[in-house]
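>>> dropping a prediction and its sequence here:
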Amino acid sequence: MQTFAKQDYGEALPPTMHRPAPLLPLPAGDIHLWLCSHGDSGDPALDATYRALLTPQELQQKDRFHFPRDRHRYLLTRVLVRTILSRYAPIEAQNWRFATGPFGRPRIDDGPDIEETRGLDFNLSHTAGLIVLAIARNIELGVDVENIRRPAVLEAVDHFFAPAEAKSLGALPAALQPHRFFELWTLKESYIKARGMGLQIPLDSFAFALDNAGDIGFSLADPHGNAAWHFQQLQPTPDHLVALCTSTDARIVCRETSPLQCERVVQVRTTRASRISPLSPIPPS
């Protein structure tokens with residue numbers, strides 16, 4: 001990622017200390033995408049500060065993970081959500097409360113009627129080496145990140161993807177198929193997360209067309225369904241691919257952060273974006 005400006009926190013802070021940062025503006029039509037790199041473990045003193053921000057239930061959930069790297073990643077994701085939300089509303093990180101939707105998607109729980117929390121929403125995704133948090137107001141959104149250095153599950157394509165997607169992927173040279181798999185997978189994940197229904201939406205009931213360089217075509221099997229979703233795909237590191245689905249065309253502002261330590265605005269290349277108009281409905285298979 002190319003850093004072009006430092007922002008707000010400025011220099012890195014001591015591991016167990018932090019100072020409040022001014023609230024960030026979040027204009028209508030903007031989405032802030034926060035990128036947090038991580039390894040398998042963290043600094044013990046900083047981790048102690050992080051644990052103090054979590055609820056007893058979150059700490060219990062963290063301790064259920066068998067591997068230390070998974071416990072560390074869970075701790076970091078929860079702290080990331082809490083501290084970043086506090087960049088947009090005057091609520092202390094430890095005081096945020098969350099609820100779960102009918103299909104398991106977390107959301108901000110109803111709390112004090114504070115102007116800055118109205119319409120505020122988030123979506124989170126993580127993979128080996130990177131956590132991504134999307135923040136917006138009054139925009140339905142879903143985000144997914146995948147580490148593209150892991151093996152692509154190409155055998156899943158014929159079983160779970162739309163026939164047009166499987167045919168297009170199969171027509172590519174073998175060396176290009178893994179990258180196309182991750183392009184399709186992240187887009188599909190971003191869509192079902194934006195809808196808030198998870199795998200209640202069959203993965204073959206919608207399709208993406210990626211044969212034109214830089215374009216994302218989208219279609220639904222149901223001709224009466226709402227295909228007016230917008231997609232963007234970004235590659236923040238050579239190892240990671242991010243897809244974002246939104247209910248309206250949005251401007252993305254990316255920031256790189258280490259919670260309670262530093263943050264920077266970063267420039268991230270957009271590799272693909274939605275066509276101006278959606279595709280025709282998916283033809284019957």
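Nice, I can see it.
>>> so where does F231 fall, helix or strand?
strand 230-237 (DSSP states H and E).
>>> give me the residues contacting that strand.
Where contact means CB atoms under 8 Å, 6 or more residues apart in numbering, the residues beyond strand 230-237 that reach it are 1, 33, 35, 37, 129-130, 132, 183, 186-187, 190-191, 208, 216, 218, 241-250, 252, 254, 266, 268-274. In short, each C-beta sits where N, CA and C put it, glycine included.
>>> so which of the residues you listed are in strands?
33, 35, 37, 130, 132, 208, 216, 218, 241-246, 252, 254, 266, 270-274 (DSSP state E).
>>> buried only: go through these for me.
33, 35, 130, 132, 208, 216, 218, 241-246, 252, 254, 266, 271-274 (16 or more other CB atoms under 10 Å).
>>> now do the strands in the stretch 1-150 of the chain.
Taking DSSP state E, counting those that start in this stretch, the strands of the stretch 1-150 of the chain run over residues 2-6, 30-37, 98-100, 106-108, 120-127, 130-137, 141-147.
>>> turn these into CSV, including distance to R71 and mean pLDDT.
Output for the strands of the stretch 1-150 of the chain, formatted as CSV (distance: least, CB to CB, whole Å; pLDDT from 0 to 100):
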stretch, distance to R71, mean pLDDT
strand 2-6, 30, 31
strand 30-37, 16, 97
strand 98-100, 19, 88
strand 106-108, 19, 89
strand 120-127, 13, 96
strand 130-137, 14, 98
strand 141-147, 19, 98
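>>> let's have the ones you listed in TSV, adding distance to C262.
Conversion of the strands of the stretch 1-150 of the chain to TSV gives the following (distance: least, CB to CB, whole Å):
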stretch	distance to C262
strand 2-6	8
strand 30-37	11
strand 98-100	25
strand 106-108	25
strand 120-127	20
strand 130-137	15
strand 141-147	21
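>>> ok, which of those comes nearest A228?
Each of the strands of the stretch 1-150 of the chain has some distance to A228 by CB to CB; the shortest is strand 141-147, at 14.2 Å.
>>> can you give me the buried ones in the closest one?
Counting neighbours by 16+ other CB under 10 Å, the buried set in strand 141-147 is L141, G142, V143, D144, V145, E146.
>>> which of those sits closest to D113?
Nearest member of the buried residues of strand 141-147 to D113, counting by CB to CB, is L141, at 23.2 Å.
>>> just put the buried residues of strand 141-147 in TSV and tack on distance to L176.
Putting the buried residues of strand 141-147 into TSV (distance: CB to CB, whole Å) gives the following:
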residue	distance to L176
L141	29
G142	26
V143	25
D144	21
V145	21
E146	16
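>>> closest one of the residues you listed to Q261?
V145 (20.9 Å).
>>> test my guess that that closest one contacts V242.
Yes. Taking CB atoms under 8 Å as the definition, V145 is a contact partner of V242 at 4.8 Å.
>>> show me whatever sits in contact with both of those two.
In contact with both V145 and V242: S125, V132, T186, using CB under 8 Å, 6+ apart.
>>> how close does the last one sit to C245?
Distance check for T186 against C245: by CB to CB, to the nearest Å, it reads 10 Å.
>>> do the first one as well
For S125, the distance to C245 under the criterion CB to CB works out to 11 Å.
>>> end-to-end on stretch 23-34?
15 Å (CA to CA, to the nearest Å).
>>> if you count neighbours, what's buried in it?
L26, I31, H32, L33, W34.
>>> show me what contacts V81?
Counted by CB under 8 Å, 6+ apart, V81 has contacts W96, F122, L124, L133.
>>> distance of the nearest residue in space to the last one that is not next to it in sequence relative to T83?
Of all residues not flanking L133 in the chain, W34 sits nearest, at 4.3 Å (CB to CB, 6 or more residues apart in numbering). The gap separating W34 from T83 is 10 Å, by CB to CB.
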